[in-house]
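J.: For reference, the sequence and a predicted model appear below.
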Amino acid sequence: MIAEDAAVVREGLVGLLTDRGLQVAAAVGDPQALLAAVDRTRPDAVVADIRMPPTHRDEGLRAAAELRRRHPGLGILLFSQYIETSYAHTLLADGPAGIGYLLKDRVLDVDEFVEALHRVVGGGTALDPDVISRLLRARPTLAALTPREHETLAHMAAGLTNAAIAARMEISQRAVEKHTATLFDKLEIPRTTATHRRVQAVLRYLEGQEGDPP
């Protein structure tokens, strides 16, 4: 499945992949068409641009994250001129297996691109070094949190509800909600559902504890 809003690039990818023996189930030009086509045809992998209609910001990346949620075994290869970090962490939250992110101006060989696509379909990873470097630099750390926000997150990681956290910290539930909303923003966790944001925050907390002494 190919998702690329530039018609010439889209048709070029179809021709290149078909010439090398791959079957292209569909080629679409916007994220909504991508979501519908994947639900309908269930391909092995999606090649998607990052910036797509209507705003040409990160629609393709957000669609990829949604596809990752709907179809966990789907291979996803992002192919773009840009490095976007906003939703990339969400896409990689469950691990990089089956994920690729290549920059258009750095792929100089078609066979290299096809090999990366096969690797993603097989559950491997194909990440451009510049993408990895940018994601690591952009990833907020727990150091950005105040002691109170860190304590709130620790209780969240222990499985406590907001009401239980309020009782444990001897503050109001509204104060807990304020700490929670602030730490979500500081950790740059996208505003999807509240449950999803809590899970991402806890994962970030657990990652931050890996290097701490017992």
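T.: Here it is on my side, so go on.

J.: what are the phi and psi angles of L145?
T.: Backbone geometry at L145, expressed as degrees, to the nearest 10, gives phi -90, psi 150.

J.: Tell me who's in contact with it.
T.: 153, 183, 186-187 (C-beta atoms under 8 Å, 6 or more residues apart in numbering). Heads up, the C-betas are built off the backbone N, CA and C, glycines and all.

J.: Now render the residues you listed as a markdown table, adding pLDDT.
T.: Output for these, formatted as a markdown table (pLDDT from 0 to 100):
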| residue | pLDDT |
| --- | --- |
| L153 | 90 |
| L183 | 90 |
| K186 | 85 |
| L187 | 84 |
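
J.: Closest to V28 out of the residues you listed?
T.: L187 (32.7 Å; C-beta to C-beta).

J.: How about the contacts made by the closest one?
T.: 140, 142, 144-145, 200-201, 204.

J.: quick one on the thing from earlier: biggest separation within the contacts of L145, which pair?
T.: Maximum distance among those (C-beta to C-beta): 10.1 Å, for L153 and K186.

J.: Which one of these two is surrounded by more residues?
T.: L153 (24 against 17; other C-beta atoms under 10 Å).

J.: Got the confidence number for the residue nearest to that one when sequence neighbours are not counted?
T.: Distances taken as C-beta to C-beta, 6 or more residues apart in numbering put Y205 closest to L153, at 5.0 Å, once the chain neighbours are dropped. At Y205, the predicted lDDT confidence score is 78.

J.: Many thanks, we can stop here.
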